[in-house]
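Engineer: take this sequence and fold it.
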Amino acid sequence: WNINLQGMTKAGKVFATTVTTNGGTGARPGKHGLSVTSYPSGVRGTPVEVLESAIPLTFWKKEIRQGSGGAGAWRGGDGVDMHIENVSDSTITLLAAFDRIDYPPRGIDGGAAGASGYVGLSDGTPMLGKGAQQILPQQTLVIRTPGGGGLGTPTPRPAAG
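Structural biologist: As a prediction, the model looks like this:
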């Protein structure tokens, strides 16, 4: 779920960037899935403060998408929920190449599917998972990466104390 963007800065310079982000991994035998993790590489994203200082974006939200991992004896990892505003004076192009929007990550051996991914605008307009699309000035892009699938039949857990 790399977010590929291109456009113009307020100073009139062209930019192109990739915002590295990840979903949750599927559960593993004996272990829960990893949340917001690129596995097996462990690639980390650029801090939002660095991105905001270099290109005309404001990150209003970047947090774990609680509950997006599939239920199971071993739960899938959670994805991330991001809200990114185009603060430039011109259109920014999103070059989308996202999967697991129409078909969520499946669980196995009785585990539940993880939540599907989502790409759209904050006004509720959905965007496509593939292809070049426009984000107008002052529009906010919403990205919700998928959660990982669960493994094994969920069993009741004791209440947290």
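
Engineer: show me where this structure has helices.
Structural biologist: 48-54 (DSSP state H).

Engineer: would you list every one of the strands in it?
Structural biologist: 3-8, 14-19, 57-65, 79-86, 92-97, 118-121, 130-135, 140-144 (DSSP state E).

Engineer: between those, which gets nearest to V43?
Structural biologist: strand 14-19 (10.8 Å; Cβ to Cβ). C-beta coordinates here come from the backbone N, C-alpha and C atoms, glycine included.

Engineer: any chance of the strands of the chain in CSV, with distance to A112 too?
Structural biologist: Formatted as CSV, these follow (distance: least, Cβ to Cβ, whole Å):
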stretch, distance to A112
strand 3-8, 27
strand 14-19, 29
strand 57-65, 15
strand 79-86, 15
strand 92-97, 26
strand 118-121, 18
strand 130-135, 26
strand 140-144, 17
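
Engineer: which ones are touching the spatially most central residue of the chain?
Structural biologist: Centroid-nearest residue in the chain: T145, 2.8 Å away (criterion: Cα atoms, centre = their mean). T145 is in contact with W1, T21, N22, G23, G24, V36, R65, S68, G79, V80, G117, counting by Cβ atoms under 8 Å, 6 or more residues apart in numbering.

Engineer: of those residues, closest to I92?
Structural biologist: Using Cβ to Cβ, these come closest to I92 at T21, 16.5 Å.

Engineer: is it true that the closest one touches I143?
Structural biologist: Yes: under the criterion of Cβ atoms under 8 Å, T21 makes contact with I143 at 6.9 Å.

Engineer: who's more crowded, the two?
Structural biologist: Neighbours were counted for T21 and for I143 using other Cβ atoms under 10 Å; I143 has more, 25 against 19.

Engineer: coming back round to it: what do T21 and I143 both touch?
Structural biologist: The contact sets of T21 and I143 overlap at W1, I3, V80, M82 (Cβ under 8 Å, 6+ apart).

Engineer: tell me, how many residues neighbour the nearest residue to R144 once chain neighbours are set aside?
Structural biologist: When the adjacent residues along the chain are set aside, R144 lies closest to Y118, with 4.1 Å between them (Cβ to Cβ, 6 or more residues apart in numbering). If you count neighbours by other Cβ under 10 Å, Y118 ends up with 19.
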